[in-house]
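Colleague: Give me a 3D structure for the following:
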Amino acid sequence: MEEKEIQNRCLNLLDTANAIYLSTNGSDGYPHTRMMSNLRNADENPGLVEIMKSHKDGFTTFFVTSKSSTKWQHIRANPKISAYLCKPEDFHTLMIGGTTEEITDMEFKKQLWQKGWEIHWSGGAEDPEFTVFKLLPAFARGWYKEGPFEFKI
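Modeller: Below is the predicted model:
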């Protein structure tokens, strides 16, 4: 399968996977992986579809967390992370590696804000604990039906 076709399949997986598994590097020297909401999933976040697709490379992925979280402490110490998605029934896996960038633009944070997040951040998008960051992808690798793939982003 050609690289462009694989990339399109991967973009589709990014838009449909129910969860993203985020790995950070801990101060203990071990990777730490946790499940995160996939803000690109159109079924779960229909109000975010246009925001997510407005990024030119297509593989940029956004996450929300609290400034006091362990994951944010890891990211501040080492901004290299990976995100993993899969669709086992299609034998499709995708790991995206890259670095993080904190989003401080309050207008963007307000656009991203979703009803229900008040249980985590009572102050809404302006809550000082509410943190948005993005994965600036450098490469992707994984498996799709016939075999492994890897490409730079």
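
Colleague: Now do the same for residue 40: helix, strand or coil?
Modeller: coil (DSSP: H, G, I helix; E, B strand; the rest coil).

Colleague: what do you get for residue 133?
Modeller: strand.

Colleague: neighbours of it, just the number please.
Modeller: Residues near residue 133, counting by other Cβ atoms under 10 Å, number 20. Using the backbone N, CA and C atoms, a C-beta is placed for each residue, glycine as well.

Colleague: what's the answer for the one 5 residues further on, then?
Modeller: Number of residues near residue 138 (other Cβ under 10 Å) recorded here: 13.

Colleague: Phi first, then psi, for it.
Modeller: The phi and psi torsions at residue 138 (degrees, to the nearest 10) take the values phi -110, psi -40.

Colleague: Could you give the secondary structure assignment for residue 121?
Modeller: Criterion first, three-state DSSP; result for residue 121: coil.

Colleague: ok, it - contacts?
Modeller: By Cβ atoms under 8 Å, 6 or more residues apart in numbering, the contact set of residue 121 is 66, 127, 129, 130.

Colleague: Residue 140 too?
Modeller: Neighbouring residues of residue 140 by Cβ under 8 Å, 6+ apart: 7, 10, 59, 94, 95, 96, 97, 149, 150, 151, 153.

Colleague: host element of it?
Modeller: Assigned by DSSP states H and E, residue 140 belongs to strand 130-144.

Colleague: Going along the chain from that strand, find the next helix or strand for me.
Modeller: Downstream of strand 130-144 (by DSSP H and E), the next one is strand 147-152.

Colleague: Now that following strand: average pLDDT?
Modeller: Regarding strand 147-152, the rounded mean pLDDT is 96.
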